[in-house]
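[1] Build the 3D model from these lines:
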Amino acid sequence: MTERHFLVVGGTRGIGRTLVRHLVGGESNCVSVLGRSGGGDLQSPRLTHYPVDVSNQEALLLSLDQAVARYGKLACAIFLQRHRAVEDEFDFEMTVALSATKNAIDHLVDRHCFYADGLSNSIVLVSSVADRYVAPEQSLGYHLGKAGFTQLARYYALVLGPQGIRVNSVSPCVVAKDEAQEFWDKNKWLVDRYRNLIPLGRMGKPQDIVNAIMFLAGEQASYISGQNIVVDGGLTLRSHESLIRDFPQGE
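    Got it, this is the predicted structure:
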């Protein structure tokens with residue numbers, strides 16, 4: 001079986017880390033991971049980490065060239081990056097989320113780094129339901145970055161479609177990431193509240209998001225482009241009034 005090269009930008013924590021672990025488990029996959037932090041215990045001869053600050057355009061493009069030179073053209077590029085900064089947070093969020101993604105996609109396309117089969121060529125941007133709703137605990141930059149991701153997917157789907165490249169996005173809601181397990185263990189009341197309010201009766205898992213990404217990356221989605229899949233257990237289907245009415249009494 002021909003090896004498929006996956007590029008994961010922001011694949012060292014959270015959903016990205018789960019995605020990389022999933023990809024490495026596939027015998028026909030080669031994986032290039034770009035991100036500031038190291039890969040930890042994820043080791044494989046078909047996995048290479050490139051420690052890079054994606055806000056540094058020169059370093060970003062160099063890492064992309066190195067990744068393609070090592071494993072060959074891409075079957076899929078997946079963007080999940082989001083970094084936090086103490087100072088100039090807004091500008092930093094815009095640079096990391098939007099400018100870095102645009103720079104990377106333009107560079108990969110200009111260098112003809114995708115295959116020409118029109119099937120596996122895919123770009124997936126991992127956004128958030130904050131692309132349309134407001135989460136006060138998150139910054140303005142976070143919201144605009146996620147909204148930009150969704151629109152970037154639509155724009156590039158139209159522009160790159162004639163080249164056989166599909167572009168889609170995924171918008172997760174509540175996801176219990178591995179790094180936050182201690183928090184959830186200490187706040188069982190919150191976990192119970194999510195179970196009561198989410199129609200499917202549980203919080204999302206990183207693998208739930210990975211499953212949506214892999215669907216969009218694969219040939220089963222070969223005629224899907226410019227779309228956004230909301231992965232939220234049905235939570236955002238509820239009207240706000242309904243949520244308020246069903247909020248546990250006495251809270």
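[2] Strands of the protein, start to end?
    For the chain, applying DSSP state E gives strands covering 4-9, 29-35, 47-51, 76-79, 122-126, 166-172, 228-231.
[3] Note down every partner strand of the last one and its orientation.
    Each strand that pairs with strand 228-231, with its direction, by DSSP bridges: strand 166-172 (parallel).
[4] Restricting to C-alpha, output the strand it pairs with in PDB.
    Only the C-alpha atoms of strand 166-172 are listed here, as PDB (Å, rounded to 0.1, in the frame of the first residue of the first chain):
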ATOM      1  CA  ARG A 166     -10.500  19.800  -1.000                       C
ATOM      2  CA  VAL A 167     -10.600  22.100   2.000                       C
ATOM      3  CA  ASN A 168     -13.000  21.700   4.900                       C
ATOM      4  CA  SER A 169     -13.200  22.600   8.600                       C
ATOM      5  CA  VAL A 170     -14.300  21.000  11.900                       C
ATOM      6  CA  SER A 171     -15.800  22.900  14.800                       C
ATOM      7  CA  PRO A 172     -15.600  21.100  18.100                       C
END
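[5] Leu60 contacts Gly35, correct?
    No. Using C-beta atoms under 8 Å, Leu60 is not in contact with Gly35, being 11.0 Å away. The C-beta positions use only the backbone N, C-alpha and C, and glycine is treated the same way.
[6] on that earlier part again, can you lay out the strands of the chain as a markdown table showing mean neighbour count?
    Listed next are the strands of the chain as a markdown table, based on neighbours: other C-beta atoms under 10 Å:
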| stretch | mean neighbour count |
| --- | --- |
| strand 4-9 | 26 |
| strand 29-35 | 25 |
| strand 47-51 | 19 |
| strand 76-79 | 27 |
| strand 122-126 | 27 |
| strand 166-172 | 25 |
| strand 228-231 | 19 |
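[7] okay, these in a markdown table with mean pLDDT next?
    Shown next, in a markdown table, are these (pLDDT from 0 to 100):
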| stretch | mean pLDDT |
| --- | --- |
| strand 4-9 | 95 |
| strand 29-35 | 93 |
| strand 47-51 | 94 |
| strand 76-79 | 97 |
| strand 122-126 | 97 |
| strand 166-172 | 96 |
| strand 228-231 | 97 |
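[8] Could I get the contacting residues of the residue lying closest to Thr101 once chain neighbours are set aside?
    The shortest distance from Thr101 to any non-neighbouring residue, by C-beta to C-beta, 6 or more residues apart in numbering, is to Phe79 (5.1 Å). By C-beta atoms under 8 Å, 6 or more residues apart in numbering, Phe79 lies in contact with Val9, Gly10, Thr101, Ala104, Ile123, Val124, Leu125, Val126, Phe149.
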